[in-house]
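*Asks:* Structure, please.
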Amino acid sequence: MTPTDTQAWARSVRADLTDNVLPWWQREMFDAQGRLLGGRELDGRLLDAPRTAVLGTRVLWSLSNAARQLGQPRGQRVQQALRWVLQSLTDAEHGGLFWSVDAQGRPIADHKQTYAQAFGIYALASCPETEAQAAAWRLFELIDTRARDPELGGYYEGCTRDWQVLPGAKLSDAEPPAPKTTNTLLHVMEAFTELYRTRPEHRVRERLAELIDLFLDRLWRPQDRCFGQFFSRDWQNMTPLLSWGHDIESGWLLVRAAEVLGDAARLTRARSLAVTIADAVLATGMAPDGSMLGAGEFGGQPTDTRRHWWVQAEAMVGYWDAFEISGEARFAQAAQRSWHFISQHHVDRQHGDWIKMLDADLQPLPSTPKAGPWECPYHHVRAELEMLSRLARHAPTATAPADAPVA
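*Replies:* Next comes the predicted model:
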């Protein structure tokens, strides 16, 4: 891949981000009072759904970080999203973020899912406002003192409103009840990475190191070349399920965590594992059209052949990360194929943003909304921001010819 190729790719990514994705979320997902809406159907019709903490925190992170990286003003929508998280989603009595609220910010589901608190930390820690930074630290204190397993490590899935560990807590009805999951721990690690970057305190460093080690030593299954997904309290794997999307996402986020931690030994191991993960998902999870399948079982047998938007977004970044680490062209090509598939099938040029779910025949699934409790901008905004940053490192210099080799 030449520098000219990467320039064209970056222009395509930037155009989608700035002309399609961000304008859609700013225009379509706030009411006249600046409150977050519940969602939009695939064709753009308003969806009256609970306003989840997942949606609210991810909208805040996406709009705030896009403004920062693109050099744009934070603007009214960022402030409205911040206010929604700090006021409507926050439990003023017991602390933490409600799982979901109604249009007026009244709690619908008031339990404290660790996954949601992690996204609160992630979004708030990345905001420069003093009140956001303070709120991020309060969330860290809460999940670290109430949701952490001090004996066996890791974090429980959820707590009651007043922060008692909630047995059987799970993210959705599609998941088995499990005390600990890779998905939740991944995003706690991501949140602590951002918190440590902005507030490098010793306890955050210790917890971040512990989480990195869990991924390297507990959650990864070398014999199956994948992460387990659902675990007992004492780290016994509970199902044969694998998630190619979560695997490839975990690979590059693990590298990012080790980089921010500044630990050379852990970084070496993380980078090696990220390449192994990319090789495994390329071999078993990638369809002939360049897309990544939804989920499978140990051994690579697919159980979900739908195409999820977030899986394609993570594949693009994860493959490119493996290319930057290893220098192997096959990973760069896989990342480029991911973007080609996204451009052809997920980018919605009629109604805006991305189509979130395709069936096995690559047809949009009308039952999956454009925006909703889970259908948020975080994965594809983050992926496009990551690719803009990464592709810029491979652009030709001002004094080099356009076809100069990349060092």
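
*Asks:* Please make it C-alpha for all contacts and neighbour counts, starting now.
*Replies:* Noted.

*Asks:* Helices along the stretch 201-350 of the chain, start to end?
*Replies:* Under the criterion DSSP state H, counting those that start in this stretch, the stretch 201-350 of the chain contains helices at 202-214, 244-261, 264-284, 309-326, 329-341.

*Asks:* Output the ones you listed as CSV; include the columns distance to residue 164.
*Replies:* Below are those laid out as CSV (distance: least, C-alpha to C-alpha, whole Å):
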stretch, distance to residue 164
helix 202-214, 21
helix 244-261, 28
helix 264-284, 33
helix 309-326, 32
helix 329-341, 42
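
*Asks:* Adding distance to residue 385 and mean neighbour count, write those helices out as CSV.
*Replies:* Below are those laid out as CSV (distance: least, C-alpha to C-alpha, whole Å; neighbours: other C-alpha atoms under 10 Å):
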stretch, distance to residue 385, mean neighbour count
helix 202-214, 24, 18
helix 244-261, 14, 24
helix 264-284, 20, 19
helix 309-326, 10, 25
helix 329-341, 13, 20
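
*Asks:* closest to residue 79 out of those helices?
*Replies:* helix 309-326 (25.6 Å; C-alpha to C-alpha).

*Asks:* for the helix or strand bottoming out on mean pLDDT in the chain, packing partners?
*Replies:* In the chain, the helix or strand scored least confidently by mean pLDDT, DSSP states H and E is helix 3-16, which has a mean of 93. For helix 3-16, the packing partners by 3 or more C-alpha pairs under 8 Å, 6 or more residues apart in numbering; DSSP states H and E come out as helix 378-392.

*Asks:* got the angle for the helix it packs on vs helix 309-326?
*Replies:* Angle of helix 378-392 versus helix 309-326, following axes from the mean of the first three to the mean of the last three C-alpha atoms, to 10 degrees, is 30 degrees.

*Asks:* and the angle for helix 378-392 with helix 329-341?
*Replies:* 130 degrees.

*Asks:* And the next helix or strand past the least confident helix or strand of the chain?
*Replies:* helix 22-28 (DSSP states H and E).

*Asks:* any idea which helix or strand comes after that next one?
*Replies:* Toward the C-terminus from helix 22-28 - assigned by DSSP H and E - lies strand 51-52.

*Asks:* Just the CA atoms of the next helix or strand after that following strand, as PDB, please.
*Replies:* Next helix or strand after strand 51-52 toward the C-terminus (DSSP H and E): helix 53-70. The C-alpha trace of helix 53-70 is given here as PDB (Å, rounded to 0.1, in the frame of the first residue of the first chain):
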ATOM      1  CA  ALA A  53     -26.400   5.200  29.900                       C
ATOM      2  CA  VAL A  54     -24.600   3.400  27.100                       C
ATOM      3  CA  LEU A  55     -26.200   5.700  24.500                       C
ATOM      4  CA  GLY A  56     -25.600   8.900  26.500                       C
ATOM      5  CA  THR A  57     -22.000   8.300  27.500                       C
ATOM      6  CA  ARG A  58     -21.100   7.100  24.000                       C
ATOM      7  CA  VAL A  59     -22.600  10.100  22.300                       C
ATOM      8  CA  LEU A  60     -20.700  12.400  24.700                       C
ATOM      9  CA  TRP A  61     -17.400  10.600  24.000                       C
ATOM     10  CA  SER A  62     -17.900  10.600  20.300                       C
ATOM     11  CA  LEU A  63     -18.900  14.300  19.900                       C
ATOM     12  CA  SER A  64     -16.300  15.500  22.400                       C
ATOM     13  CA  ASN A  65     -13.400  13.600  21.000                       C
ATOM     14  CA  ALA A  66     -14.200  14.300  17.400                       C
ATOM     15  CA  ALA A  67     -14.200  18.000  18.200                       C
ATOM     16  CA  ARG A  68     -10.800  17.600  19.900                       C
ATOM     17  CA  GLN A  69      -9.100  15.500  17.200                       C
ATOM     18  CA  LEU A  70     -10.600  17.500  14.300                       C
END
